[in-house]
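Asks: I would like to see how this sequence folds:
(chains A and B)
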Amino acid sequence: MIVPLEHVLFLSTILFILGLGCVLARRNLIMILIGVEIMLNAVGLTLVGASAFWQQVDGQIMVIFLMAMTSAEVSISLAMVVYLNRRKGTVDVRAFDEMRG
Amino acid sequence: MILTRLATPVSGFTNMATALFYILGTITVIATLLAITRRNPVHSVIYLVNSFFALALLFYLLGAPLVAAWEVIIYAGAIMVLFLFIIMMLELAPTPEADRMGPTWWQWLPVLLLAVALVTCTLLLIGLDTSVAQGVPHWYATPRDFGYALFGKYALAVEVVSFQLLFAAVGAFYVGKPEARANKREEEGA
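Replies: Below you'll find the model as predicted:
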């Protein structure tokens, strides 16, 4: 292990908080999805760091599953963005604050 | 699976790798900060590509070369290009008159600096590896270890993930299909 595990966790915490801030603060759907990407990458960094700390490959395999999950999530959510944009002509989240049952 | 490759680490390598870890961590945080504060989503995605590339090098330093390769191929390659594609398809990037001439030098500069720093780090990393005995650091998870664990212990999970990707593809196709929605709206209206 080239650095203490705490430093890896610190870095991934910073990245996670940046992503969370992006999700909470931005109003653009694309920017919200980018924030989710940043958070998922922060989790991936945690997993790889843990994998290196315990000298086992399980963490890295979790990252591969995380990537597969992210691909699925991104494909569906971008399709949703296209659909919502077609419906209201905007990607501002404030346009989508109502429900119709 | 416990990794058995426990040769004595070369101290020069470890020091350099530690330094590179902090440098790359700083680059990642700076690129992410720039990415989430941009008004233009295209610029944001470009900074995010830088951020993910730095993160891939971090993965490599932490002994996950395969994950590092997939980070570049899947995240920085496929997913970010998909984002760019959607942004440009929906014309979401604001293009005021001042931007018609292309990006100005102060828009180029941060991304150029980040890219130069990343290339320098990559070259340093390549230079490091040749200095180590057998060409690999001692904590490195080989693709063989990785593949045996993935398709042995986690074979069921691989199947589940493949189903998940199939469902995602079907779902994305359904949501993005214009005719299905138009028909549904007609039925609701009737």
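Asks: what comes into contact with whichever strand or helix holds B:Phe163?
Replies: In this assignment (DSSP states H and E), B:Phe163 forms part of helix B:155-176. With contacts defined as Cβ atoms under 8 Å, 6 or more residues apart in numbering or on different chains, helix B:155-176 is touched by A:61, A:65, A:68-69, A:71-73, A:75-76, A:78-80, A:82-83, B:150-151, B:180. Every C-beta, even on glycine, is put in place using the N, C-alpha and C of the backbone.
Asks: among those, name the buried ones.
Replies: A:61, A:65, A:68, A:71-73, A:75-76, A:78-80, A:82-83, B:150 (16 or more other Cβ atoms under 10 Å in any protein chain shown).
Asks: residues in contact with A:Asn41?
Replies: Per Cβ under 8 Å, 6+ apart, neighbours of A:Asn41: A:Leu15, A:Gly19, B:Ser51, B:Phe52, B:Leu55, B:Tyr75.
Asks: of those residues, buried ones?
Replies: Buried, going by 16+ other Cβ under 10 Å: A:Leu15, A:Gly19, B:Ser51, B:Phe52, B:Leu55, B:Tyr75, out of those.
Asks: quick one: pLDDT of the fourth one?
Replies: Per-residue confidence at B:Phe52 stands at 93 (pLDDT).
Asks: and whichever strand or helix holds it, what does it pack onto?
Replies: Element membership of B:Phe52 [criterion: DSSP H and E] is helix B:41-61. Contacts defined by 3 or more Cβ pairs under 8 Å, 6 or more residues apart in numbering or on different chains; DSSP states H and E place helix B:41-61 against helix A:29-54, helix B:11-37, helix B:65-70, helix B:80-89, helix B:105-130.
Asks: A:Met99 is nearest to which of these?
Replies: For the helices and strands packed on helix B:41-61, proximity to A:Met99 was assessed by Cβ to Cβ; helix A:29-54 is nearest, at 16.8 Å.
Asks: and the helix or strand following that closest one, what does it pack against?
Replies: Proceeding N to C from helix A:29-54, the next assigned helix or strand is helix A:58-88, under DSSP H and E. The contact analysis (3+ Cβ pairs under 8 Å, 6+ apart) places helix A:58-88 against helix A:29-54, helix B:65-70, helix B:80-89, helix B:155-176.
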